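# sequence below, structure please.
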Amino acid sequence: MQILGIIPARYASTRFPAKALVDIGGKSMIRRVYEQSLKAKQLDHLVVATDDERIMDHVLSFGGNAVMTSTEHHSGTDRCFEAFSKTQGDFQYVINIQGDEPFISPEPIEELAGVLDGDTELATLVKVIDSMDILFNPNVPKAILNKRDEVMYFSRQTIPYLRNVEQDNWLKFHTFYKHIGIYAYRTDVLAEITKLSVSALEKAESLEQLRWLENGFSIKAVITSDDSHGVDTPDDLDRVTKKFLL
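Next comes the predicted model:
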């Protein structure tokens, strides 16, 4: 299987403009994401998909691959499809790597690549929840899996609801999963899902991946021990810098 890694990187960001170019210990955020992703052995090619020439020029300056995409995309998935369409190669899968995780480990990318067998339509990562704060945090999407480790549903609510169990004991009685937002798409499926209209469940939860489930696509879940360390705000940047560089 030929796998294309794509790192979407927008310049504009409501909470942290130009964060892709912010300096983190002598390297830009996007360079750190790129160099960490290059360590994933299963990726046959890696490219940054951006909407801004400043990011494009910067990636090219350190020897990376980059492609310009539209400023009108509403999701990383749409940006990935345009970048895939503009990248030469016979790729069966695309892995969408978050552009705001400067210290991403190659292991979760490799774990995700490991289930891409030609039959898998879509895949993503989940991690067992071990914290009550995460379990009841609506900003952390949760996932329910079936016996084949396929996602049945995503929600910002804590799911499933444990009836007749005190909430303080929920982690003792059930295994809950948080969703880690890195996706793999079979390329023919990627082409199909970018044509779908926003769905009712997607609107309700503000979770794009529900559009795919609601339209009958299957999402394989890979359980990882790795965690995400995304940077959405300057405070997030301070937190991850202290964790990984100090």
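# now do the strands in this structure.
Counting by DSSP state E, the segments of the chain that form strands are 3-9, 23-24, 27-28, 45-50, 66-68, 93-96, 122-128, 142-145, 151-155, 177-186, 219-223.
# nearest to Leu162, of those strands?
strand 142-145 (12.6 Å; CB to CB). Heads up, the C-betas are built off the backbone N, CA and C, glycines and all.
# avg pLDDT for the closest one?
On average, the pLDDT along strand 142-145 is 98.
# which neighbouring elements make contact with it?
If you count contacts as 3 or more CB pairs under 8 Å, 6 or more residues apart in numbering; DSSP states H and E, strand 142-145 packs onto strand 151-155, strand 177-186.
# sheet partners, orientation included, of it?
strand 151-155 (antiparallel), strand 177-186 (antiparallel) (DSSP bridges).
# let me know which of these is tucked in deepest.
Of all the strands paired with strand 142-145, strand 177-186 has the most neighbours on average by mean count of other CB atoms under 10 Å, namely a mean of 22.
# run the chain-centre distance for that strand.
On the basis of CA atoms, centre = their mean, to the nearest Å, strand 177-186 is displaced by 5 Å from the centre of the chain it belongs to.
# please apply the same query to stretch 34-50.
Worked out by CA atoms, centre = their mean, stretch 34-50 lies 14 Å from the chain centre.
# what comes up buried for that stretch?
Tyr34, Gln36, Ser37, Ala40, Gln42, Leu43, Asp44, Leu46, Val47, Val48, Ala49, Thr50 (16 or more other CB atoms under 10 Å).
# from what I can see the last one touches Arg10, true?
Yes. In this structure, Thr50 is within contact of Arg10 by CB atoms under 8 Å, at 7.1 Å.
# what's the average pLDDT for stretch 157-172?
97.
# distance between the ends of stretch 111-120?
Across stretch 111-120, the terminal residues are separated by 14 Å (CA to CA, to the nearest Å).
# which residue sits farthest out from the middle of this structure?
The C-alpha centroid of the chain is most remote from Asn164, which lies 34.7 Å away (CA atoms, centre = their mean).
# can you tell me how far that one is from Trp170?
According to CB to CB, to the nearest Å, Asn164 and Trp170 sit 11 Å apart.
# just the buried residues of stretch 34-50 now: which is nearest Ser85?
The closest of the buried residues of stretch 34-50, once distances to Ser85 are taken by CB to CB, is Ala49, at 10.5 Å.
# now for the residue nearest the centre of the chain: which residues touch it?
Nearest to the geometric centre of the chain sits Ile182, at 2.3 Å (CA atoms, centre = their mean). Applying CB atoms under 8 Å, 6 or more residues apart in numbering to Ile182 gives the contacts Ile95, Asn96, Ile97, Gln98, Pro108, Ile109, Leu112, Thr124, Leu125, Ser228.
# Cys80 now?
Ile6, Pro8, Ala49, Val94, Asn96, Tyr185, Leu190.
# give the bridge partners for the third one, please.
Right, Ala49. If you apply DSSP bridges, the partners that Ala49 bridges to are Pro8, Val67.
# quick one: residues contacting it.
Counted by CB under 8 Å, 6+ apart, Ala49 has contacts Ile6, Ile7, Pro8, Ala9, Ala66, Val67, Thr69, Arg79, Cys80, Glu82, Ala83.
# quick one: the fourth one and Val198, what's the gap?
The reference is to Ala9. 23 Å.
# so the two - more neighbours on which side?
Just comparing Ala9 and Val198: by other CB atoms under 10 Å the higher neighbour count belongs to Ala9, 29 against 11.
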